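K.L.:
below is the structure, and that's it, no one-letter string:
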């Protein structure tokens, strides 16, 4: 046992030996700190002099300022302050800082303004659909920040998308000052530059914006074609070619416009404006601003010709005046747009050459370049499920575009697309081979849509040589690239607009009407939604004759009266019509006259599942004079097939999934539009089809709006659900409608898999 103990001691000492110096150092440190602590507590009698604060800088107070001590308080972290009393002064409480209110938009906080405001003075023509104002608005409005027309004659009807301001004063001088006063009061602090021109002056918007973008803001600028007046000894800008003014200059003389108008005595409006600017700012007109030069071309009341367009002075001009009609405006705009397009193509070609030259010094070399140069590479599929499939087409048919129809005729937009691609391919071959080919035929054609870069095409074309009439085959690849994403301006709409629901009811809709009213009461009547209901009861001729003795819709009318009494203030009305062939035309013929022109109407069916989300979509997507809304509903499948053996389900809560229903692309019976748009559309339709017998389908109702100058918004609508209700297909209507109606009923029963399982369970399939 002793032997074991002896053997353990050297082993333990060997392990502990490295720790011994550390332990000795810790003990010495503790001992020294205990010895030095009394010295550190000594403050040398400064307790009565030093007041220790809580901040980083300690404030020292001197009891007797006349005593001079050898101790220095001038240290970096100490700030000496004289104390006139023995008691330290109380610490001053800082006042609560006022809360900084931030602006809604960062542009307002940073002082960022819109670039250009354009004022067009209508002095030559009235503002109507046939005037120069419409042509100028179409060619200039989408380039500038704001475009407003000023006139002294109020138009009977303002053309679409035009902003018109009317002044009653007919004097040109007063009208000039009224216009600038209006600009100063309403837009003076919102734009950097202001352009005033007459309605017989053409300005190419792209060149105009390039001109103002190269000028620095913050200076007094009065640019145009200068004209000197000897009597007043001033140089002013002529109003005919237009002139540009900076915001700084407008803010300096804008408050004196009324004074200048009272003191004006000349008959020239532009002269008086120049005199006012010179009197209050000492700035006169100039055509130069740094390196920018304001140039104009005078047509001398002649129409532009091909020889005129070749003149260098016209091609360098910022404005062209005077133009006599809309055709001249469009002719000039086409010329300048083609020039800008050719310039853009040239820049693209130069960039492609630069990319190709630089690519040899980059990893991968020229082999890493994708075609076309400068465009994103084609989408590369990672699995077979996301592979982009090519469609095959000929000059007459398109193959593989839909699952149901493997071969469809090449018509409409697809026809225009393929024709343009073929003509472009032939044109490119002739550019490459010195115009030696003519088009013979299309052998093979393939296309696919790549979301990352656009529509791709592969063509096998037969070309005939002009020299020997020999047919040769060429293959080419083409790309229709995606263009720059742009924001399209839309009229302002809100979700507070009142919707008038027009609900046609036939004999076979009676069972569904009670359920519809329950849904309508829950969604619209109880929360007091801004809606109204107009029920149109459709009687067959036989039913109409017996209406006094036996009204087939008496219970439905009683139900409407019940809800009207239950929900006071609810707007519900009903009308009756008699027709043997019901259609949207016959329904709207009776309903439309009961509403003002600015009423938002929604044509519905009794199997609609209402929701607040969908009603707001109707409000947002139906725009008066601009857009009509034809949503495609999510039609629920037959519950006796897809929900066999399950408890009763709420149709409104069913999710939009494959097993519950499908989007019925054959239905056009749901429509949101304004009454004014309908009245215009039906007028054009009656002129186009004078023998209108109202025996038209819902697709004809949709086509009616296509003749109107509005956008028909046809879209999938997930919030629009429709309970299963087989449609009544009337063979009296068009053959196309009857086929679509039958197809809609067939596809609306259930999916193919669900139908197969149902037939298998019923023993039909074994």
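P.N.:
Perfect, I can see it now. No experiment lies behind these values; they were computed from the predicted model shown.
K.L.:
ok, residue 470 touching residue 440?
P.N.:
No - between residue 470 and residue 440 there is no contact under C-beta atoms under 8 Å: 10.2 Å. Yep, even glycine has a C-beta here, placed from its N, CA and C like the rest.
K.L.:
those two: which is more packed in?
P.N.:
The residue with more neighbours, out of residue 470 and residue 440, is residue 440; 16 against 9, by other C-beta atoms under 10 Å.
K.L.:
look up the pLDDT of residue 631 for me, please.
P.N.:
pLDDT, residue 631: 94.
K.L.:
and it, what is it in contact with?
P.N.:
Taking C-beta atoms under 8 Å, 6 or more residues apart in numbering, we find residue 631 in contact with 614, 617, 621, 670, 672, 714, 715, 716, 717, 720.
K.L.:
with adjacent residues omitted, what lies nearest to the last one?
P.N.:
Closest residue in space to residue 720, ignoring its immediate chain neighbours: residue 633 at 4.5 Å, by C-beta to C-beta, 6 or more residues apart in numbering.
K.L.:
A strand includes the one you found, no?
P.N.:
Yes - remark: residue 633 belongs to a strand, assigned using DSSP: H, G, I helix; E, B strand; the rest coil.
K.L.:
so it makes contact with residue 670?
P.N.:
Yes - here residue 633 lies in contact with residue 670, judged by C-beta under 8 Å, at a distance of 6.2 Å.
K.L.:
now do the shared contacts for those two.
P.N.:
Counting by C-beta under 8 Å, 6+ apart, the shared contacts of residue 633 and residue 670 are 608, 720.
K.L.:
rewinding a little: the residue nearest to residue 720: how many residues sit nearby?
P.N.:
With other C-beta under 10 Å as criterion, residue 633 counts 25.
K.L.:
cool, the one 3 residues further on as well?
P.N.:
The number of residues packed near residue 636 is 23, by other C-beta under 10 Å.
K.L.:
quick one: contacts for it?
P.N.:
Residue 636 neighbours (C-beta under 8 Å, 6+ apart): 651, 654, 660, 661, 721, 722, 723, 724.
K.L.:
now render these as CSV, adding neighbour count.
P.N.:
Output for the contacts of residue 636, formatted as CSV (neighbours: other C-beta atoms under 10 Å):
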residue, neighbour count
651, 18
654, 19
660, 19
661, 25
721, 23
722, 22
723, 19
724, 18
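K.L.:
which helix or which strand is home to the most centrally placed residue in the chain?
P.N.:
By C-alpha atoms, centre = their mean, the chain has its centre lying nearest to residue 487, at 4.2 Å. Element membership for residue 487 (DSSP states H and E) is empty, with no helix or strand holding it.
K.L.:
phi, psi of it?
P.N.:
When read as degrees, to the nearest 10, the backbone of residue 487 gives phi -90, psi 120.
K.L.:
so how far is residue 286 from it?
P.N.:
36 Å (C-beta to C-beta, to the nearest Å).
K.L.:
same question, residue 489
P.N.:
34 Å.
K.L.:
quick check: which ranges of the stretch 1-150 of the chain have low pLDDT?
P.N.:
1-17, 36-110, 124-127, 129 (pLDDT under 70).
K.L.:
change it to 80
P.N.:
1-23, 26, 31-112, 123-130 (pLDDT under 80).
K.L.:
for this protein, which strand is longest?
P.N.:
Secondary structure of the chain per DSSP state E: the longest strand is strand 437-450.
K.L.:
now do stretch 517-537: distance to the chain's middle.
P.N.:
32 Å (C-alpha atoms, centre = their mean, to the nearest Å).
K.L.:
what's that stretch in contact with?
P.N.:
Outside stretch 517-537, the residues touching it (C-beta under 8 Å, 6+ apart) are 496-505, 553, 556-557, 559-560, 563, 566-567, 569-577, 587, 590-591, 594, 608-612, 615, 652.
K.L.:
check stretch 230-239 too.
P.N.:
So stretch 230-239 is contacted by 121, 176, 196-198, 222-229, 243, 266, 269-271, 273-275, 277-278, 284-286 (C-beta under 8 Å, 6+ apart).
K.L.:
quick revisit: which of the contacts of stretch 517-537 are buried?
P.N.:
By neighbour count, with 16 or more other C-beta atoms under 10 Å, these hold 497, 499-505, 553, 556, 559-560, 563, 570, 572, 574, 576-577, 587, 590-591, 608-610, 615 as buried.
K.L.:
related to what we said a few turns ago, turn the contacts of residue 636 into JSON lines, including pLDDT and secondary structure.
P.N.:
Output for those, formatted as JSON lines (pLDDT from 0 to 100; DSSP: H, G, I helix; E, B strand; the rest coil):
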{"residue": "651", "pLDDT": "72", "secondary structure": "helix"}
{"residue": "654", "pLDDT": "81", "secondary structure": "coil"}
{"residue": "660", "pLDDT": "86", "secondary structure": "coil"}
{"residue": "661", "pLDDT": "88", "secondary structure": "strand"}
{"residue": "721", "pLDDT": "90", "secondary structure": "strand"}
{"residue": "722", "pLDDT": "89", "secondary structure": "strand"}
{"residue": "723", "pLDDT": "89", "secondary structure": "coil"}
{"residue": "724", "pLDDT": "88", "secondary structure": "coil"}
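K.L.:
all good on my end, thank you.
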